[in-house]
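J.: this is a predicted model, with the sequence first.
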Amino acid sequence: MGDLFDARAAAGGRTFFEAEDVSVHDFGDAAPETKPKIRFRAGGQAQEIVCDFIAGCDGFHGICRPSIPAGALKVFERVYPFGWLGILAEAPPSSDELIYAYHERGFALLSMRSPQLSRLYIQCAPDEDIRQWPDDRIWRELHARLATADGKWKLTEGPIVQKGVTGMRSFVVEPMQFGKMFLAGDAAHIVPPTGAKGLNLAVTDVRVLARGLAEFYASGRRDLLNHYSKTCLRRIWKVQRFSWWMTSMLHLFDSDNAFDQRRQLAELDYVTSSRAASQTLAENYVGLPMEWD
C-alpha cells in the first residue's frame, strides 16, 4: 500500500483521507462531452473531481454500486448457513503450509500472516455471539478440529490480539459497468473465503480495467472498455464455482445429514488420491490463466 501512495505522490496526484458525504454524478451519460463527477467533503471543505471515468473500487458497502439506477444491474447471491470465527494470534505458524480441516464439529483453517503471527478460523453460526467465545474456548475448539490421528503434530498457541465473526456469501452483479462507471472488487462480487480468491479477483478486475484505459488514452478506442464486464465475469463465475465447491466440500451444512457427510468424505478421498482431481484443485487455487475477450 505504501508503494501505491508513493507512486501517486511521485505522479503529482493528491490523496484524500477520511472523505465524507461522497457521491458520484453524471456517469451514466455516454456523450463524450459529459464528464463524471465525484463530490465529497474533506477537511471541512466541499470538493469535486471531474473525471473521464469512475472506477468503483469502494467495496460491498460503498456508494458506487447503489448509485447505478435501479434495474440496471442483476444480482446473483447465495448466503451460507454458517460463518467463520477468525482470530489473529501472536504465535509462530504451526505449519509451513495452510491446513484445511474437515471435522465432525465443523471446518477449521490454519494460515499464517508472518513468522510471528498466525491466522486461524473455525466454522460457526453466522450470528455467533463473539462474547461467548473466550480465548481458552477458541483454542480448545481449534485443538479438537486440527488434531492429527497420530497426535504428533501440535498447534502452537499465543495471545489472541484480534477476533471476530464473518458471515459467508457468494455475490455477483451483472454487468459490472454502467456508462462511464466500472465496478471492481467487492463492489461487484464476493466469494466465500474458502477458496482464497477474493483479492485475486479484485486485482484481476483492475488489471483488465487498466488495460482498457491504456488503450483508450493511447488510441481513443473503447473496445476493451466495452468488453470489461464480459472479460471479468467469465473469470469471476469460474472462481465462484471453485469457491462454492471448496466450501461445500469442507463445511458441515447439516450435522444430522449422514449422507452428505459420507459424500464429503468421499470427495476428500477422491481429491487426495487422484492426480487429476488434485491437479484441478491446484490449478484453480493457484489461479486460472487470464482469458481476454
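T.: Happy to help now that I have it.
J.: got the confidence number for residue 199?
T.: The score at residue 199 is 94. That number is its pLDDT.
J.: ok, residue 4 next?
T.: For residue 4, pLDDT reads 84.
J.: begin at 11 from here
T.: Sure, I'll start counting at 11 from here, so that last one is residue 14.
J.: okay, now it: neighbour count?
T.: 9 (other Cβ atoms under 10 Å). For glycine as for every other residue, the C-beta is placed from the backbone atoms N, C-alpha and C.
J.: ok, residue 262 next?
T.: Around residue 262 there are 19 residues (other Cβ under 10 Å).
J.: which ones are touching the nearest residue in space to it that is not next to it in sequence?
T.: Sequence neighbours aside, residue 116 is the residue nearest to residue 262 in space, at 5.2 Å (criterion: Cβ to Cβ, 6 or more residues apart in numbering). By Cβ atoms under 8 Å, 6 or more residues apart in numbering, residue 116 lies in contact with 92, 132-134, 155, 261-262.
J.: now do residue 246
T.: 182, 198-199, 211 are the contacts of residue 246 under Cβ under 8 Å, 6+ apart.
J.: out of the contacts of residue 116, which are inside helices?
T.: residue 155 (DSSP state H).
J.: of the contacts of residue 116, the lowest pLDDT goes to which?
T.: residue 262 (94).
J.: state the distance from that one to residue 97.
T.: Per Cβ to Cβ, to the nearest Å, residue 262 is found 20 Å from residue 97.
J.: phi, psi for the closest residue to residue 148 other than its chain neighbours please.
T.: Of all residues not flanking residue 148 in the chain, residue 97 sits nearest, at 6.0 Å (Cβ to Cβ, 6+ apart). Main-chain torsions, residue 97, degrees, to the nearest 10: phi -130, psi 150.
J.: thought residue 130 was touching residue 97, still the case?
T.: Yes: between residue 97 and residue 130 there is a contact at 5.4 Å, judged by Cβ atoms under 8 Å.
J.: correct me, but residue 195 touches residue 214?
T.: No: with contact defined as Cβ under 8 Å, residue 195 does not reach residue 214; the gap is 9.6 Å.
J.: which element is the most far-flung residue of the chain relative to its centre on?
T.: In the chain, counting by Cα atoms, centre = their mean, residue 43 sits farthest out from the average C-alpha position, at 35.6 Å. Using DSSP states H and E, residue 43 sits within no helix or strand.
J.: could you pull up the residues touching it?
T.: Counting by Cβ under 8 Å, 6+ apart, residue 43 has no contacts.
J.: where does pLDDT dip in the stretch 161-303 of the chain?
T.: 303 (pLDDT under 70).
J.: one step back: who's more crowded, residue 97 and residue 130?
T.: residue 130 (28 against 21).
J.: report pLDDT for that one.
T.: 97.
J.: and it, what are its bridge partners?
T.: When bridges are called by DSSP bridges, residue 130 pairs up with residue 97, residue 120.
J.: ok, it - contacts?
T.: 96-97, 99, 118-121, 152.
J.: how close does it sit to residue 147?
T.: When residue 130 is compared with residue 147 (using Cβ to Cβ), they lie 13 Å apart.
J.: over to residue 161?
T.: Residue 161 is 21 Å from residue 147, by Cβ to Cβ.
J.: comparing these two, which shows the higher neighbour count?
T.: residue 147 (10 against 7).
J.: where's that one, which helix or strand?
T.: helix 145-156.
J.: export the helix or strand just after that helix as PDB, just CAs?
T.: Downstream of helix 145-156, the next assigned helix or strand under DSSP H and E is strand 170-184. Below are the C-alpha coordinates for strand 170-184, written out as PDB (Å, rounded to 0.1, in the frame of the first residue of the first chain):
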ATOM      1  CA  ILE A 170      -5.100 -13.600  20.700                       C
ATOM      2  CA  VAL A 171      -4.900 -10.000  19.500                       C
ATOM      3  CA  GLN A 172      -8.000  -9.900  17.300                       C
ATOM      4  CA  LYS A 173     -11.100 -12.000  16.800                       C
ATOM      5  CA  GLY A 174     -14.500 -11.700  15.000                       C
ATOM      6  CA  VAL A 175     -17.200 -13.500  13.100                       C
ATOM      7  CA  THR A 176     -17.700 -13.200   9.400                       C
ATOM      8  CA  GLY A 177     -20.700 -14.400   7.500                       C
ATOM      9  CA  MET A 178     -20.300 -16.400   4.300                       C
ATOM     10  CA  ARG A 179     -21.900 -15.400   1.000                       C
ATOM     11  CA  SER A 180     -21.500 -15.500  -2.800                       C
ATOM     12  CA  PHE A 181     -22.400 -12.400  -4.600                       C
ATOM     13  CA  VAL A 182     -22.200 -11.200  -8.200                       C
ATOM     14  CA  VAL A 183     -23.700  -8.200 -10.100                       C
ATOM     15  CA  GLU A 184     -24.100  -8.100 -13.900                       C
END
